[in-house]
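K.L.:
The following block contains a protein sequence and its predicted model.
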Amino acid sequence: MDANSTSCVACGRNIDAAAKVCPYCGADPSTGQKLDTQAMLQEVFRPKEMTTGESVLEYARQRQGIVVAISAIVLFLILALLHQFVTARNASAVSAAPPIPLTEVADLSGRQEETPKLELPKLDFAYDGQPQAMRTFLVEPGAAPPPEIVAAQQAAQQAAQPPQQAAPPPAQPAPPRQQ
């Protein structure tokens, strides 16, 4: 036998020396007297006192299936009652007159547009070989383009025109002689 073990007087098995109850027979290992283990467990493991809210939650945790089923039934009943309410309201609140087509309510076919459609302006692209510098300018009637754009456009027009040969100046008639 080990120094930390002893034998139970009631059943004779080796148990821990610090044990108050034999785990095999439930008796006091030193006297062999049978003990009420349920009373001892109740004394050691006292159930804590719960509030009403805690007890309801504990009941719901223990019976999750029932709670889910009851919740589904209640939800179904709420939806059925809502459907009945809407159906009854529609039966009494909707007019029995024949329906009116939407084209009679809002006929937009013969109506003139309030603002005329404007044509899109011509888009001029300025490209000097560098895609980073490519720009598009929309010029509205009456708007003045920036001066650097005007200078660039004039330079492009002059570069695009072929150089003209120097023509002799036109002959001017000689002034009349005075006498």
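P.N.:
Done, it's in. Keep in mind the model is a prediction, meaning the values are calculated, not measured. Numbering: from 1, shown residues only.
K.L.:
quick one: residue 24 is in a strand?
P.N.:
No - read with DSSP: H, G, I helix; E, B strand; the rest coil, residue 24 is coil and lies in no strand.
K.L.:
can I assume it is in contact with residue 8?
P.N.:
Yes - using CB atoms under 8 Å, residue 24 is in contact with residue 8, at 6.8 Å. Bear in mind the C-beta positions are built from the backbone N, C-alpha and C, glycine included.
K.L.:
Residue 35: neighbouring residues, count only.
P.N.:
By other CB atoms under 10 Å, 14 other residues sit near residue 35.
K.L.:
err, residue 29, not the other one
P.N.:
Neighbours around residue 29, by other CB under 10 Å: 22.
K.L.:
Look up how far residue 18 lies from the spatially closest residue to it that is not a sequence neighbour.
P.N.:
In space, residue 29 comes closest to residue 8 once its chain neighbours are excluded; the distance is 4.5 Å by CB to CB, 6 or more residues apart in numbering. Distance, residue 8 to residue 18, by CB to CB, to the nearest Å: 13 Å.
K.L.:
So the two - more neighbours on which side?
P.N.:
residue 8 (21 against 8).
K.L.:
Can you pull out the low-pLDDT segments for the protein?
P.N.:
Applying pLDDT under 70 to the chain flags the ranges 1-2, 47, 103, 107-111, 113, 124-140, 163-179.
K.L.:
For the protein, which segments count as helices?
P.N.:
37-44, 52-62, 64-93, 102-105, 147-160 (DSSP state H).
K.L.:
Relative to the whole chain's centre, how far out is the fourth one?
P.N.:
This points to helix 102-105. 38 Å (CA atoms, centre = their mean, to the nearest Å).
K.L.:
So that it lines up with my notes, have the first residue be 521 from now on.
P.N.:
In the new numbering, first residue 521, that becomes helix 622-625.
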